[in-house]
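Participant: sequence unknown, structure follows:
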Ligand SMILES: Nc1ccn([C@@H]2O[C@H](COP(=O)(O)OP(=O)(O)OP(=O)(O)O)[C@@H](O)[C@H]2O)c(=O)n1
Ligand SMILES: [Mg+2]
């Protein structure tokens, strides 16, 4: 058994020793069969949450009402969920209440896609009542049972379907796609936070270029923040090299670029992204607008951006021009390495020095003078050395007085 399962095996064995049924389920089993890196290992069991909490010494009640208890086993946390069907869904979100059921099969039946409705027992035997392996073999995303029903239960599953297209390169089964087209408006009931989580996985998938146009084909885009009416742009996004991007900020920046978003800030805020991401994606886009070609970076721009952002800017540019970023990254690294200072903190003088030299009370002029100094240092007009900077500044002030 592969290590992530091996490490969790003890949980299943203990549940069985207490007379309960227990299996590995969900994404980890799917990824094992796909030969992909295995993520979180989840367990489904006939034991009720209170039974699970009684059996294991270290548990966290993360949602026992819904059947889920986290068991900490050998230092790792695992979600152990009681076999259940989701009660009545009234609002197209996950249900308020669930009904615990007796059999594994009933539990698998309520899951979203056949590839996600496969279980594995403690000996590695696969239990696959809905043809999940066949779907994986044929590279198809198909709902378990009636698609419409599955999407009415949780409308986010429609986004999940497209996100899996991006991560796996699979195709949607025709009836599954049809049901998404018909039920897309249900996405309006889903919180932005949940949509954003799926969108981030979508943008980061190796087949994002396939998934983005699919948002337009299915009409899901109409219910996603800032994507309504962007069908044409989403189709054109297929030409971009999404897999070249290395960070979420780069992905959101490229999405803004692809959509022709004029103001990135309100767009990214609508997705409720953290300020850090909004700011960094915005800074990348500003730099892209200011620096029309990779060879156009000035020393000042490179210094202001910092190496990491400069590399990001060229990565994003590469993703839409299609010219590999490697050579430009190499050049920018070399140029950055040869800058006399890498941060303003490395400047040999500070505001106090400048005030003392000039003999005027502190004011906005100090920042202006310091800005002029770092620019001169970065451009090689003056050495980063106190006396040299002093001489340079005095000379500058003399010329300025003359010109006044
Ligand atoms: N809206 C949802 C979310 C999850 N599931 C079920 O719960 C499992 C675990 O959910 P989650 O971890 O969210 O997704 P994964 O399929 O494991 O995908 P990932 O690898 O991204 O975690 C899924 O495989 C699926 O069986 C579902 O039926 N409907
Ligand atoms: Mg998972």
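Facilitator: Received the coordinates, thanks. On a predicted model such as this, the values are computed, not experimentally measured, just so you know. Ligands and ions are numbered 1, 2, ... in the order given.
Participant: how about the contacts made by the residue of the chain found nearest ligand 2?
Facilitator: Per C-beta to the ion, residue 27 is where the chain lies closest to ligand 2, at 3.5 Å. C-beta coordinates here come from the backbone N, C-alpha and C atoms, glycine included. Contacts for residue 27 (C-beta atoms under 8 Å, 6 or more residues apart in numbering) come out as 39-40, 42, 116.
Participant: what does residue 22 give?
Facilitator: Contacts for residue 22 (C-beta under 8 Å, 6+ apart) come out as 11-12, 15-16, 43-47, 80, 122.
Participant: please tell me how far the residue nearest to residue 26 when sequence neighbours are not counted sits from residue 148.
Facilitator: Spatial nearest neighbour of residue 26, chain neighbours left out: residue 42 (4.5 Å); criterion: C-beta to C-beta, 6 or more residues apart in numbering. From residue 42 across to residue 148, the span is 26 Å (C-beta to C-beta, to the nearest Å).
Participant: paired strands for the helix or strand where residue 23 lies, with orientation please.
Facilitator: Per DSSP states H and E, residue 23 falls inside strand 22-25. Paired strands of strand 22-25, with direction, are strand 42-45 (antiparallel), strand 119-120 (antiparallel) (DSSP bridges).
Participant: which residues touch the very next helix or strand once past the shortest one?
Facilitator: In other words, strand 119-120. Note on strand 119-120: by DSSP H and E, the next helix or strand toward the C-terminus is strand 126-127. Contacts to strand 126-127, defined as C-beta under 8 Å, 6+ apart, come from residues 23, 29, 33, 104-105, 108, 118-121, 133.
Participant: can you pick the most crowded of those residues?
Facilitator: With neighbours defined as other C-beta atoms under 10 Å, the most crowded of the contacts of strand 126-127 is residue 118; it has 27 neighbours.
Participant: pretty sure it is touching residue 128, no?
Facilitator: Yes: checked against C-beta atoms under 8 Å, the pair residue 118 and residue 128 is within contact range at 4.8 Å.
Participant: what's the pLDDT at residue 323?
Facilitator: pLDDT recorded at residue 323 is 97.
Participant: is ligand 1 within reach of the lowest-mean-pLDDT helix or strand in the chain?
Facilitator: Least confident helix or strand of the chain, by mean pLDDT, DSSP states H and E, is strand 84-86 with a mean of 86. No: using C-beta under 6 Å from any ligand atom, strand 84-86 never reaches ligand 1; the gap is at least 8.6 Å.
Participant: please renumber so the chain begins at 640
Facilitator: Done: numbering now begins at 640, and the last item shifts to strand 723-725.
Participant: what separates that strand from the chain centre, distance-wise?
Facilitator: Relative to the chain's own centre, strand 723-725 is displaced by 29 Å; criterion: C-alpha atoms, centre = their mean, to the nearest Å.
Participant: so after that strand, what's the next helix or strand?
Facilitator: Next in sequence after strand 723-725, counting helices and strands by DSSP H and E, comes strand 737-739.
Participant: which elements pack onto that next one?
Facilitator: Packing partners of strand 737-739 (3 or more C-beta pairs under 8 Å, 6 or more residues apart in numbering; DSSP states H and E): strand 723-725.
Participant: can you report how many residues neighbour residue 1011?
Facilitator: 15.
Participant: equivalent analysis for residue 826, please.
Facilitator: Number of residues near residue 826 (other C-beta under 10 Å) recorded here: 23.
Participant: which residues does it contact?
Facilitator: Shown in contact with residue 826 (C-beta under 8 Å, 6+ apart): 794-795, 797-798, 834, 859, 862-863.
Participant: ok, residue 923 next?
Facilitator: Residue 923 touches 888-889, 892, 948, 951-952, 955, counting by C-beta under 8 Å, 6+ apart.
Participant: only the buried subset of these, as a PyMOL command please.
Facilitator: To isolate the buried members of the contacts of residue 923 in PyMOL, using 16 or more other C-beta atoms under 10 Å:
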select buried, resi 888+889+892+948+951+952+955
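Participant: narrow the contacts of residue 923 to those in helices?
Facilitator: Applying DSSP state H to the contacts of residue 923, the entries found in helices are 888-889, 892, 948, 951-952, 955.
Participant: re earlier: TSV for the contacts of strand 765-766, including distance to ligand 1 and pLDDT?
Facilitator: Listed next are these as TSV, based on distance: C-beta to the nearest ligand atom, whole Å; pLDDT from 0 to 100:
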residue	distance to ligand 1	pLDDT
662	12	98
668	8	98
672	12	98
743	12	97
744	13	97
747	8	97
757	9	98
758	10	98
759	13	98
760	17	98
772	14	98
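Participant: now, the most widely separated pair of those?
Facilitator: Pairwise distances across the contacts of strand 765-766 peak at 18.4 Å for 672 and 744 (criterion: C-beta to C-beta).
Participant: about what we covered before: tell me which strands and helices the least confident helix or strand of the chain is in contact with?
Facilitator: Applying 3+ C-beta pairs under 8 Å, 6+ apart, we find strand 723-725 packed against strand 737-739, helix 743-748.
Participant: quick one, domains of this protein?
Facilitator: Split into domains by the TED database, the chain comes to 640-777, 781-878, 879-978, 990-1042.
Participant: state the distance from the residue nearest to residue 825 when sequence neighbours are not counted to residue 895.
Facilitator: Distances taken as C-beta to C-beta, 6+ apart place residue 794 nearest to residue 825, at 3.8 Å, with adjacent residues excluded. Using C-beta to C-beta, residue 794 is found at 25 Å from residue 895.
Participant: among these two, which residue is more densely surrounded?
Facilitator: Shown here are residue 794 and residue 895; by other C-beta under 10 Å, residue 794 has more neighbours (26 against 23).
Participant: surely the more buried one meets residue 833?
Facilitator: No: using C-beta under 8 Å, residue 794 is not in contact with residue 833; the gap is 9.5 Å.
Participant: and the lengthiest helix in the chain, which residues are buried?
Facilitator: Longest helix of the chain, by residue count under DSSP H: helix 1025-1042. Neighbour counts using 16+ other C-beta under 10 Å place 1028-1029, 1031-1032, 1035 of helix 1025-1042 among the buried residues.
Participant: mind putting the residues you listed into TSV with distance to ligand 2?
Facilitator: Compiled in TSV, these are given as follows (distance: C-beta to the ion, whole Å):
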residue	distance to ligand 2
1028	57
1029	62
1031	60
1032	60
1035	61
